[in-house]
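**Student:** Predicted structure and sequence below. I'll ask about it afterward.
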Amino acid sequence: MRTIRIGAGQGFYGDSLLPAIETAKRGNVGYLCFDSLAELTLAILQKDRQRDASKGFARDIAVTMRELLPFIREKGIKLLTNAGGMNPLGAQREVARIAGELGLQGLKVAVVTGDDVLDRLQVWESQGISLAHMEDGGDASGIRSRIVFANAYLGAGPVVEALRQGADVIVTGRITDSALFLAPLIYEFGWGPKEWDRLAQGLLMGHLMECSGQAAGGNFSGDWQSVEALDRIGFPVAEVREDGEFVLTKTEGTGGLVSADTVKEQLLYEIHDPSAYMTPDAVLDVTNVRLQDDGPNRVRVTGARGTKRPETLKVVMGYSDGWLGQAIWGYSWPDALAKAKEADRIVRSRIRRMNLRYDEIHTDYLGYNSLHGPLAREPAEQLNEVYLRIAVRTGSREDAAKLGRLVPPLMLSGPPAMAGFLGMMKPRELLGMWSCLVPRAIVENVIQISVLEV
């Protein structure tokens with residue numbers, strides 16, 4: 001039975017490029033898929049675009065392409081990436097520019113657009129289409145005037161079409177993570193739009209691959225000490241059969257670990273309902289999935305089931321939600337935690353005395369509860385050091401900046417041995433996130449695929 005090999009190239013914006021280079025060199029893959037986007041990433045890229053309209057795509061795409069395009073040409077690998085972010089056309093131009101500099105004539109670079117729906121929100125609302133929050137049903141009117149971006153999650157369809165048009169590199173904006181990995185299977189094997197179980201297997205493969213090293217021994221909460229050579233971890237590679245069954249492995253000779261346990265952790269990652277994981281391409285049921293060790297660093301995956309795709313697509317919107325002000329400084333033993341708590345009390349008292357109006361005030365004690373929060377237990381012994389972080393949210397940059405001015409006086413007029421003051425950190429604009437569901441037809445009827453030949 002025919003089999004293709006697909007490699008994971010990236011799990012997030014800023015991920016290491018070294019494993020992708022190893023896979024391109026020695027992984028014998030036909031496709032290399034880069035998942036650059038999270039909802040947080042969209043907010044970061046939106047801020048880039050606000051500063052410079054020509055930006056808004058993942059800036060590491062330049063390094064990625066400069067390193068990998070020669071392998072794309074030499075080995076005939078197809079590279080798929082959603083690094084287009086908020087500006088996929090700009091990312092396409094960047095890829096073409098680098099290909100030209102490398103002398104890779106004839107390379108076809110495709111771009112998928114249509115996920116950016118910001119300029120259609122008003123029209124949709126006039127047509128009676130609801131933008132109510134998908135979880136609590138909240139009315140979007142309260143944020144409508146503050147929305148700065150809105151992107152729909154696309155499925156695999158337009159990427160498949162780009163492959164049919166002969167693209168060597170495909171750049172998209174917001175697309176579901178698993179769709180990048182599913183698209184080559186639909187294209188190569190000719191899977192139909194209603195072959196739900198095969199599509200489900202492809203979606204499961206994409207879900208296991210999308211977080212790069214996390215399925216190959218990275219971030220492993222089991223016996224992580226036994227995972228070998230994390231400094232040269234290999235990202236997952238999937239060997240997928242035409243019937244959808246696949247083996248998850250990694251490039252031979254790389255570090256990390258692919259086992260039933262490491263794969264199981266990624267399987268459960270971000271799955272809210274194991275019987276109904278919603279995607280634009282199918283609804284995935286993983287309740288009968290089987291993971292079987294198939295040799296060293298090889299796990300066979302079977303049993304995914306699929307049902308009809310939803311008639312809606314998720315749209316995520318970012319809206320202006322105030323300003324963050326924060327300050328961080330530390331205290332050393334003895335009584336480090338007690339000193340930090342007293343410093344927090346002093347700062348909060350001064351906030352009240354100065355009548356500063358903050359929507360939220362949040363305190364973390366780094367070294368004690370910054371990760372465990374309210375679940376943190378009182379330490380059984382004195383901590384060597386504790387860093388105090390105070391953060392506020394407010395409506396203006398000016399009020400956010402005022403927090404930092406309350407901290408320096410503590411050096412001489414607060415608890416003893418203040419150290420590690422990181423300065424008055426620059427206020428940062430906050431973006432809130434709003435998700436809703438809209439009829440898929442009103443998004444898909446404006447999707448476009450454009451292929452540029454270098």
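**Tutor:** Thanks, I have the structure now.

**Student:** Based on its surroundings, how many neighbours for residue 126?
**Tutor:** 8 (other CB atoms under 10 Å). Any C-beta I mention is one placed from the backbone N, CA and C, and that applies to glycine too.

**Student:** Which parts of the stretch 51-200 of the chain are helices?
**Tutor:** With helices called from DSSP state H, counting those that start in this stretch, the stretch 51-200 of the chain shows them at 61-75, 88-101, 121-126, 157-164, 177-189, 196-209.

**Student:** Residues touching the shortest one, excluding its own?
**Tutor:** The contact list for helix 121-126 (CB atoms under 8 Å, 6 or more residues apart in numbering) reads 131, 144, 147, 150, 317, 438, 442.

**Student:** mean confidence score for it?
**Tutor:** Throughout helix 121-126, pLDDT has a mean value of 94.

**Student:** and if you look at the fifth one?
**Tutor:** Mean pLDDT, helix 177-189: 97.

**Student:** could you give the angle of it to helix 196-209?
**Tutor:** 130 degrees (axes from the mean of the first three to the mean of the last three CA atoms, to 10 degrees).

**Student:** could you say what helices and strands helix 177-189 packs with?
**Tutor:** strand 3-10, strand 31-34, strand 78-81, helix 157-164, helix 196-209 (3 or more CB pairs under 8 Å, 6 or more residues apart in numbering; DSSP states H and E).

**Student:** who's in contact with residue 373?
**Tutor:** Going by CB under 8 Å, 6+ apart, residue 373 touches no other residue.

**Student:** From residue 365, how far off is it?
**Tutor:** Separation of residue 373 from residue 365 (CB to CB, to the nearest Å): 10 Å.

**Student:** Residue 412: which of the helices of the stretch 51-200 of the chain is closest?
**Tutor:** Evaluated over these, closeness to residue 412 peaks at helix 61-75, with 46.2 Å, by CB to CB.

**Student:** How far off centre is that closest one?
**Tutor:** Between the centre of helix 61-75 and the centre of its chain there are 22 Å (CA atoms, centre = their mean, to the nearest Å).

**Student:** what mean pLDDT does it have?
**Tutor:** For helix 61-75, the per-residue pLDDT averages 96.

**Student:** Ok, which of the helices and strands packed on helix 177-189 comes nearest residue 40?
**Tutor:** strand 3-10 (15.3 Å).

**Student:** Distance from the chain centre to that closest one, please.
**Tutor:** On CA atoms, centre = their mean, the centre of strand 3-10 falls 18 Å from that of its chain.

**Student:** With stretch 235-247 instead?
**Tutor:** 23 Å.

**Student:** for that stretch, which positions count as buried?
**Tutor:** 235, 236, 237, 238, 239, 240, 244, 245, 246, 247 (16 or more other CB atoms under 10 Å).

**Student:** how close does the residue lying closest to the last one once chain neighbours are set aside sit to residue 188?
**Tutor:** Right, the one you point to is residue 247. Distances taken as CB to CB, 6 or more residues apart in numbering place residue 239 nearest to residue 247, at 4.6 Å, with adjacent residues excluded. Plainly put, residue 239 is 13 Å away from residue 188 if you go by CB to CB.

**Student:** Kindly calculate the angle that the worst-scoring helix or strand of the chain on mean pLDDT makes with helix 88-101.
**Tutor:** Among the helices and strands of the chain, helix 39-51 carries the lowest confidence by mean pLDDT, DSSP states H and E, at a mean of 86. Computed with the same axes, to 10 degrees, the direction of helix 39-51 lies at 80 degrees from that of helix 88-101.

**Student:** Can you pull out the low-pLDDT segments for this protein?
**Tutor:** The model of the chain has pLDDT under 70 over residues 423.

**Student:** what's the lengthiest helix in the chain in contact with?
**Tutor:** Longest helix in the chain, counting residues (DSSP state H): helix 336-353. Outside helix 336-353, the residues within contact range by CB under 8 Å, 6+ apart are 329-331, 358, 361, 363, 365, 367-368, 379, 382-388, 390, 392, 403, 406-407, 410, 414-418.

**Student:** And stretch 410-430, by the same measure?
**Tutor:** 47, 320-332, 338-340, 342-343, 346-347, 387, 393, 397, 400-401, 403-405, 407-408.

**Student:** Likewise for stretch 259-273?
**Tutor:** Counting by CB under 8 Å, 6+ apart, 204, 207-208, 211, 214-217, 219-222, 227, 248, 274, 277, 286, 289, 291-293, 297, 299, 301 sit against stretch 259-273.

**Student:** again, 7 Å this time
**Tutor:** Residues from elsewhere that reach stretch 259-273, judged by CB atoms under 7 Å, 6 or more residues apart in numbering: 208, 211, 214-217, 220-222, 248, 277, 286, 289, 291, 293, 299.

**Student:** re the thing from before, quick check on the contacts of stretch 410-430: which are buried?
**Tutor:** 47, 321-332, 339-340, 342-343, 346-347, 387, 393, 400-401, 403-404, 407-408.
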